[in-house]
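Peer 1: Next comes the sequence, and after it the predicted model I'd like to discuss.
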Amino acid sequence: DQQVKQNSPSLSVQEGRISILNCDYTNSMFDYFLWYKKYPAEGPTFLISISSIKDKNEDGRFTVFLNKSAKHLSLHIVPSQPGDSAVYFCAASQPTSGTYKYIFGTGTRLKVLA
Amino acid sequence: DSGVTQTPKHLITATGQRVTLRCSPRSGDLSVYWYQQSLDQGLQFLIQYYNGEERAKGNILERFSAQQFPDLHSELNLSSLELGDSALYFCASSNFFSGGAPDTQYFGPGTRLTVL
């Protein structure tokens, strides 16, 4: 059972425009949500996170929005740049026995066209 | 460069064999996590160690085991390998959480395992 879903396997956006990556989850016990970016032949790198008690977090060109009632979050990248082309993973953290478990989505491949 | 190293980068072996994947965490990080990424799948959490002790288990098969040594490096042992075990295996490290938000996990480049 996939608790974190990224339903769009890929997305193409023109340079300078907005990229919107979506993520849905099913478990209301998740307390933090994170986005990771992954380039080929590298491990994922942390991008931005949001606590479940907030609805927006912004860091430069990256903004994450959380809609708890819809169990949906999105990552906005404005303006998109060719270097943003990568696979983006949405992850949710679940507190468990004094630590956290991360549940990852399957990723969305973003291609920013120059 | 995340500071997390994994060896080997690639591993090709046959069904029924046993392999060991190695991970060295970032300097100062006490916690190590192992993940498996199969084709078209997200990262599946396998297991977490903190300062030598197992802290959390995910979808780790009984054929798989891990440990963290006193120098904090970790090894993931995969035995009786099957074709379906072919995947990317990532190690991540963190300073573990301070009681608030979960710490950022820093990922290594992964080990690509191919079982023939």
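Peer 2: Received the coordinates, thanks.

Peer 1: Skipping adjacent residues, who's closest to the residue nearest the centre of chain B in space?
Peer 2: Chain B has residue B:34 as the residue nearest its centroid, 2.7 Å off, counting by Cα atoms, centre = their mean. Spatial nearest neighbour of residue B:34, chain neighbours left out: residue B:46 (4.2 Å); criterion: Cβ to Cβ, 6 or more residues apart in numbering or on different chains. Quick note: C-beta positions are derived from backbone N, CA and C, even for glycine.

Peer 1: Mind checking what secondary structure the one you found has?
Peer 2: In the three-state summary, residue B:46 is assigned as strand, counting by DSSP: H, G, I helix; E, B strand; the rest coil.

Peer 1: any idea how far residue B:38 is from it?
Peer 2: As judged by Cβ to Cβ, to the nearest Å, residue B:46 and residue B:38 stand 12 Å apart.

Peer 1: For stretch A:59-76, measure first residue to last.
Peer 2: 10 Å (Cα to Cα, to the nearest Å).

Peer 1: Buried residues of that stretch, list them for me.
Peer 2: For stretch A:59-76, a neighbour-count test (16 or more other Cβ atoms under 10 Å in any protein chain shown) marks A:62-66, A:71, A:73-76 as buried.

Peer 1: And stretch B:66-79, by the same measure?
Peer 2: Buried residues in stretch B:66-79, defined by neighbour count with 16+ other Cβ under 10 Å: B:66, B:68, B:72, B:74-76, B:78.

Peer 1: Can you tell me which of the residues you listed lies closest to chain A?
Peer 2: Checking the buried residues of stretch B:66-79 against chain A with Cβ to the nearest Cβ, the nearest one is residue B:68 at 13.7 Å.

Peer 1: partner residues bridging that closest one?
Peer 2: Beta-bridge pairing for residue B:68 (DSSP bridges): residue B:74.

Peer 1: Ok, residue A:19 next?
Peer 2: Beta bridges link residue A:19 to residue A:77, judged by DSSP bridges.

Peer 1: What count of nearby residues applies to it?
Peer 2: Residue A:19: 24 surrounding residues under other Cβ atoms under 10 Å in any protein chain shown.

Peer 1: From chain B, how far out is it?
Peer 2: Separation of residue A:19 from chain B (Cβ to the nearest Cβ, to the nearest Å) stands at 20 Å.

Peer 1: Kindly report the same for residue A:82.
Peer 2: Residue A:82 sits 22 Å away from chain B, going by Cβ to the nearest Cβ.

Peer 1: Over to residue A:78?
Peer 2: In terms of Cβ to the nearest Cβ, residue A:78 sits 23 Å off from chain B.

Peer 1: In chain B, what residue lies closest to chain A?
Peer 2: In chain B, the residue that lies nearest chain A is residue B:107 (3.1 Å; Cβ to the nearest Cβ).
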